[in-house]
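1. missing the sequence, but the structure's below:
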């Protein structure tokens, strides 16, 4: 029996995470990263998904996206995941699943946590000790958001609010990375990702539930999850 397609709220940003099976590497060579990003570029356009930030780690991926349709994210991630798995297995003469399972997703409160999620995602390689600075890592969106590198990323309103010109926005964005993300915010994002709960405060949660007539989960309290190559 086919799995039911997840429904997402159009126009709302989501933090998407997907991990390699058994936390094993799903990217081995530069060509793997490049092919995966090409798949995302193609299918984000095809299924109306705006991509704002991303980071490809050795054994998992992070994306911050906004769907235009209720099924945009589900369709895009499904096609990207299956096509990449086929490519990876064929390239390395292996069989079996590449991914741990379906992607996980967290609705993000834009005005309070959108830019924090961007920082969390793009700081993954630094936290994991892979590089000293985020702009040293090739497979994330940091160079686009912080330095204006050419890309097909879609600039979210929260990013556009950083300045009235591209140079100002890039400068303000880089300034954000001068300060560490608050521990409680890291904890919230990690817990939300793990349990597919929203990244937001109670007021945001209640507003969404009332507006759309749905029930959202509440991130569990407790000790922070351990970083695995940066979260």
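-> Everything's here; your move. Keep in mind it's a predicted model, so treat the numbers as computed, not measured.

2. Nearest the geometric middle of the chain, what residue?
-> residue 63 (2.0 Å; Cα atoms, centre = their mean).

3. now this protein, which segments are flagged as low pLDDT?
-> 1-5, 217-231 (pLDDT under 70).

4. All the helices of it, residue numbers only.
-> Along the chain, counting by DSSP state H, helices occupy 30-46, 72-91, 110-122, 124-127, 142-147, 157-160, 166-176, 183-195, 202-212.

5. who wins for proximity to residue 9 among those helices?
-> In terms of Cβ to Cβ, the element of the helices of the chain nearest to residue 9 is helix 202-212, at 6.2 Å. Every C-beta, even on glycine, is put in place using the N, C-alpha and C of the backbone.

6. orientation of that closest one relative to helix 110-122 in degrees?
-> 110 degrees (axes from the mean of the first three to the mean of the last three Cα atoms, to 10 degrees).

7. What residues sit buried inside helix 202-212?
-> Under the neighbour-count criterion of 16 or more other Cβ atoms under 10 Å, helix 202-212 has 204, 205, 208 buried.

8. Nearest to residue 107, out of those: which one, please.
-> The shortest approach to residue 107 among those belongs to residue 208, at 7.0 Å (Cβ to Cβ).

9. who's in contact with that closest one?
-> Counting by Cβ atoms under 8 Å, 6 or more residues apart in numbering, residue 208 makes contact with 9, 12, 107, 198, 200, 214, 216.

10. do the same with residue 150
-> So residue 150 contacts residue 144 (Cβ under 8 Å, 6+ apart).

11. can you rerun that using 10 Å?
-> Shown in contact with residue 150 (Cβ atoms under 10 Å, 6 or more residues apart in numbering): 143, 144.

12. how close does it sit to residue 173?
-> Between residue 150 and residue 173 the computed distance is 16 Å (Cβ to Cβ, to the nearest Å).

13. can you check residue 76 too?
-> Applying Cβ to Cβ, the value for residue 76 to residue 173 is 25 Å.

14. repeat for residue 53
-> 10 Å.

15. And for residue 44?
-> Taking Cβ to Cβ, one finds residue 44 at 21 Å from residue 173.

16. Number of residues surrounding residue 159?
-> Here the number of neighbours of residue 159 (other Cβ atoms under 10 Å) works out to 20.

17. er, residue 133 I mean
-> Around residue 133 there are 11 residues (other Cβ under 10 Å).

18. Kindly report the same for residue 38.
-> Neighbours of residue 38 using other Cβ under 10 Å come to 12.

19. That one and residue 12, how far apart?
-> Relative to residue 12, and taking Cβ to Cβ, residue 38 is found at 26 Å.
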